[in-house]
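[1] what shape does this take:
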Amino acid sequence: MSFFKRLKNIITSNINAKEGLGKDFAEYDEILSETKTTETVKNDKEKEYYEILELKYGAPFSQIKAAYKKLLKKYHPDFFRNNEEKYQKAVIISKKINEAYSYFERKNI
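    From the prediction side, this is the model:
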C-alpha cells in the first residue's frame, strides 16, 4: 500500500472516530489528489530525461552513465567555440544532458 493510501486511511479513521470533522475531509481529498498529479509529473519528467539521454525507459544506471559520457563528448560547448550559434545550442543541450544525468545519479545513490 502506498504512502498516500495509508495516509488517506489514517485520516478517514480519525474522522470517523471524531464526529464533526467529516466536512473537512474534502480538503484532504484535494491535497491527496494534487499529490497524485505531482507523481505523474515526476514520471513524465523521468521519461523526458531518458529521451534526452537517447535511452529506453527503465535503462540501468550503467547505460545511463555511458550515454551521458557519449553525448557530452558529442555536444560539449568547447568543441563549438568557433561558431557562436552552434556554441549557444551546445550550451543548452549540455545543460539538459547534465540535468538528466544528475537526476539519475541522485536517484541511484
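[2] and residue 99, how far is that from residue 83?
    24 Å (Cβ to Cβ, to the nearest Å). Backbone N, C-alpha and C define where each C-beta goes, glycine included.
[3] low-confidence regions, this protein specifically.
    1-39, 41, 109 (pLDDT under 70).
[4] mind redoing it with 50?
    16-25 (pLDDT under 50).
[5] and for residue 47, the neighbour number?
    If you count neighbours by other Cβ atoms under 10 Å, residue 47 ends up with 12.
[6] how about residue 48, what does it touch?
    residue 100 (Cβ atoms under 8 Å, 6 or more residues apart in numbering).
[7] now the residue lying closest to residue 52 once chain neighbours are set aside: which helix or strand?
    Take residue 52 and drop its neighbours on the chain: the residue closest to it by Cβ to Cβ, 6 or more residues apart in numbering is residue 100, 4.5 Å away. Residue 100 belongs to helix 84-108 when assigned by DSSP states H and E.
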